[in-house]
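**Q** got a sequence here, can you build the structure:
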Amino acid sequence: MAIQWFPGHMHLTRKAIGERIKDIDVVIEMLDARLPGSSANPMLAELIQGKPALKVLSKQDLADPARTALWLAHYNAMPGVRALGLDTSMTSPAKALIDACQQLAPSRGGMTKPMRVLMCGIPNVGKSTLINTLKGKRAAKTGDEAGVTKLEQRITLADDFYVYDTPGVLWPRIIVAQSGYNLAASGAIGVNAFDEEEVALELLNYLIPHYPQALQARYKANDVPSHSDEQLLEAIGRQRGAVQSGGRVNTAKAADIVIHDFRSGALGRLTLETPQEFTQWLAKGKQADAERAVRKEGTEKNKPKKKPRP
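**A** Numbering: from 1, shown residues only. All right, here's what the predicted structure looks like:
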């Protein structure tokens, strides 16, 4: 199942970013450290028009430290890009953003040339929480569901440093199937846009070979690598008491448990992709998308032409 979610306010955000970018010195893109590739918006690359970019891997306290290091190295190797890993509840590391922006745009600063920064990212990635940490008070709305911020907000962090916080925005069509599942598991996609059981199974399918110890520790499951995702979901349901009358496992409830445990960090520090894995997924997604476009074009050509009315 392809997961897509692009509410109406996201169209407005896309337009607003396109208009605002002309006056911006640095673009900060907030990424989820547990899924940096999947949470990077390909639409943003078109909109920022080559502006210096700071990639901020938020929620790094929930991510696998070794994999976070791989992603930071990956982004820091790109021209015109810097990357930082942050836990948005920590004040001191968050202030490193100002220094990083000044390094990316050294000619900006002072009252005559104030630094103008645009902060972008997917829904529920922690943008507003970070701004509140930097500001030291609730300057921006926060929430634990996708799509809390609906309007652009300007935050003054210093007399010569302005941050424009935009609503979380995805892109109209997600071509990497695994990205859709990872985004849903992280909470970036509205709950009505996906099937929780399907997402939980995809999540377990990845975690079984990559983080079996975490699953064993959390759910007391023996020999995790020998389980299929369906078998493990059922075992989790039984272990956590998600059992219906007649002894049947309530797999919907078990799926909710798995997704909640991932989001909250109860499963430990996990990252759902490496740079190499995401590069491979993206290549396959682009190929499949190109093939889909060819099939669509062929279908359009073969449609019978409507006869003109007499």
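
**Q** the strands in the stretch 151-300 of the chain, which residues?
**A** For the stretch 151-300 of the chain, the strands defined by DSSP state E, counting those that start in this stretch occupy 153-158, 161-165.

**Q** quick one: end-to-end length of stretch 264-282, please.
**A** This stretch, stretch 264-282, spans 27 Å end to end (Cα to Cα, to the nearest Å).

**Q** mind starting the numbering at 831 from now?
**A** That works, and once the first residue is 831, the last one we named lands at stretch 1094-1112.

**Q** so what's the gap between it and the chain middle?
**A** Taking the mean of its C-alpha atoms, stretch 1094-1112 sits 11 Å from the chain's own mean (Cα atoms, centre = their mean, to the nearest Å).

**Q** ok, stretch 887-906 next?
**A** Taking Cα atoms, centre = their mean, one finds stretch 887-906 lying 13 Å from the centre of the chain it belongs to.

**Q** for residue 954, find the nearest of the strands of the stretch 981-1130 of the chain.
**A** Comparison of the strands of the stretch 981-1130 of the chain against residue 954 by Cβ to Cβ identifies strand 991-995 as nearest, at 13.8 Å. C-betas here are computed from N, CA, C, even on glycine.

**Q** partners of that closest one in the sheet?
**A** Next to strand 991-995 in the sheet, as set by DSSP bridges, lie strand 945-951 (parallel), strand 983-988 (antiparallel).

**Q** one step back: deepest-packed of the strands of the stretch 981-1130 of the chain, please.
**A** Among those, judged by mean count of other Cβ atoms under 10 Å, the one packed with the most neighbours on average is strand 991-995 (a mean of 22).

**Q** average pLDDT for that strand?
**A** If you average the pLDDT over strand 991-995, you get 87.

**Q** for the stretch 981-1130 of the chain, give me the ranges with low pLDDT.
**A** Within the stretch 981-1130 of the chain, the set of residues satisfying pLDDT under 70 comprises 981-982, 1130.

**Q** what are the ranges of the helices in the stretch 831-980 of the chain?
**A** Ranges of helices in the stretch 831-980 of the chain, per DSSP state H, counting those that start in this stretch, are 838-850, 872-877, 895-906, 921-924, 926-934, 957-965.
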